[in-house]
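Undergrad: Curious how this folds, go ahead:
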Amino acid sequence: MTERRLLTLVGDPNRVSTWSGTPYFFLQAARRQGLLDGGIALDPAALRIHRAVWNAFTLVRTGSAGGFQYSRPFLNRLFAQSLLPREGTIKFITHFPLLPPVPWGPRWKVIHYIDATLKQNFEEYGAGKRIARGVREDALEREREAYHGAEHVVCMNRWAAESVIGYYDVPRERCHVIVPGANLNEHSLSQVRSMPAPPIDSSPLRLGFIGKDWRRKGLPLLLDVATTLVRRGISTEVVAIGPSPRDVPAHPLLRPLGFIDKHGSMERFARIVHSFHFGFLLSSVEASGMSTLECLGLGVPVIASNVGGLPDSVPEHLGFLFEPNANGADIADLVQEYVQKPEHYAALRKRVEARAPEFSWDKTVIRLAALLQHSRC
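TA: Prediction:
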């Protein structure tokens, strides 16, 4: 009997614009290596009318509107869009804890590969603030059922794994951590990786930022770092990829480049990131540091906050972690030290460049496939 292996989440994993490209690059690598046969294209926008009706009804009933994306009606209608084979076993790898919706079909097998649990999204990210308590509790109970019924719960970081084990009571031996790969097209990076690294004493010093949610990801703090360095006589600029230039604050040291389409402009994206002296992700909360992985995959050392799942995407000796209460001067001290000792920066950059190929989705898929193969022994 045949087995189909499919990737699912809220959205279309075949589109590079979905979830910052994470499902897309994972799917491409998994298909190349035979781990997945394809991805299920789901369109939540097709349920706009249902969302409006549900929100209105929920507001009247509970006094709170919101949470439709976690509700049974939404998930059942959304998953009904999938064109699943009628025969054979289906093995799902899912990026969203509530997909496929429970109860599952008799021939379905499920493996979760998540960056955060719903409890973490509701509490740490604040997504649960405008959702009625009953809606949250129902979603969390279905999530618990899904984890316990799955073949594996694989987390992208230890932060999520501890939530799965501690709050959802999943046995530790059934919960695993496999850090994701960088959302980069490996086949177009060889030329960029062969380019010489920018010396730390070149002008201006480039501090890199990648991400749309610029407030949560710490762009204001990064601008404080840049301002401090300029006051100390170090010419500095902050190069930001992701947020629209219209949305970010006007600042003389900020060069906002806006969104760069990785599907059509991967080489441009890679060249810009490669030109960073450091990549920054000074988030207040963060599940997985995709931008830090992208920087490391292009040979750029990183500086990030010691929060959430970020420590797993900043390997020792390739970057630096600062506690959430660090200020711009604290971080500027570290950067200035490397500016004053360019030979130390050159050595750091060479270490990162030597390990850059490790941060690929192909390597991640190999680790995931080995886990799944071992579990069948």
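
Undergrad: Please make it C-alpha for all contacts and neighbour counts, starting now.
TA: Fine.

Undergrad: Just to check, Asn55 is in contact with Gly63?
TA: No: with contact defined as C-alpha atoms under 8 Å, Asn55 does not reach Gly63; the gap is 10.2 Å.

Undergrad: who has more neighbours, the two?
TA: Asn55 (17 against 12; other C-alpha atoms under 10 Å).

Undergrad: List the contacts of Gly309.
TA: Gly309 makes contacts with Met156, Asn157, Arg158, Trp159, Ala160, Glu286, Ala287, Ser288, Gly289, as judged by C-alpha atoms under 8 Å, 6 or more residues apart in numbering.

Undergrad: try 10 Å this time
TA: 115-116, 155-161, 179, 285-289 (C-alpha atoms under 10 Å, 6 or more residues apart in numbering).

Undergrad: Just the pLDDT at it, thanks.
TA: Reported pLDDT at Gly309 in the predicted model: 97.

Undergrad: which phi and psi does the residue nearest to it when sequence neighbours are not counted have?
TA: Distances taken as C-alpha to C-alpha, 6 or more residues apart in numbering put Ala287 closest to Gly309, at 4.7 Å, once the chain neighbours are dropped. The phi and psi values for Ala287, taken as degrees, to the nearest 10, are phi -80, psi -60.

Undergrad: three-state assignment of the spatially closest residue to Leu207 that is not a sequence neighbour?
TA: Excluding its sequence neighbours, the residue lying closest to Leu207 (C-alpha to C-alpha, 6+ apart) is Val238, at 4.8 Å. Secondary structure for Val238, judged by DSSP: H, G, I helix; E, B strand; the rest coil, is strand.

Undergrad: Could you check how far the closest residue to Phe259 other than its chain neighbours is from Ala182?
TA: What sits nearest to Phe259 in space, not counting adjacent residues and going by C-alpha to C-alpha, 6+ apart, is Gly242, at 4.3 Å. Here the criterion is C-alpha to C-alpha, to the nearest Å. By it, Gly242 lies 16 Å from Ala182.

Undergrad: now swap in Ile303 and tell me
TA: Ile303 is 16 Å from Ala182, by C-alpha to C-alpha.

Undergrad: For the two, indicate the residue with more neighbours.
TA: Neighbours of Ile303 and Ala182, each counted by other C-alpha under 10 Å, are more numerous for Ala182; the result is 30 against 22.

Undergrad: And the one helix or strand in the chain whose mean pLDDT sits lowest, what's buried?
TA: Least confident helix or strand of the chain, by mean pLDDT, DSSP states H and E, is helix 190-193 with a mean of 84. Residues Val192, Arg193 are the ones in helix 190-193 that count as buried (16 or more other C-alpha atoms under 10 Å).

Undergrad: Sheet-wise, list the partners of the next helix or strand after that helix with their directions.
TA: Where DSSP states H and E defines the elements, the next helix or strand beyond helix 190-193 is strand 205-210. Applying DSSP bridges to the sheet, strand 205-210 is found paired with strand 236-241 (parallel), strand 278-281 (parallel).

Undergrad: Check the ones you listed for me and report the most buried one.
TA: strand 278-281 (a mean of 27; mean count of other C-alpha atoms under 10 Å).

Undergrad: What mean pLDDT does it get?
TA: Mean predicted confidence for strand 278-281 is 98.

Undergrad: what helices or strands is the very next helix or strand once past it leaning on?
TA: Sequence-wise, the next helix or strand downstream of strand 278-281 (DSSP H and E) is helix 290-297. Contacts defined by 3 or more C-alpha pairs under 10 Å, 6 or more residues apart in numbering; DSSP states H and E place helix 290-297 against strand 205-210, helix 262-274, strand 278-281, strand 302-305, helix 342-355.

Undergrad: now helix 290-297: how far from the chain's centre is it?
TA: 10 Å (C-alpha atoms, centre = their mean, to the nearest Å).

Undergrad: Report the buried residues of that helix.
TA: Met290, Ser291, Thr292, Leu293, Glu294, Cys295, Leu296, Gly297.
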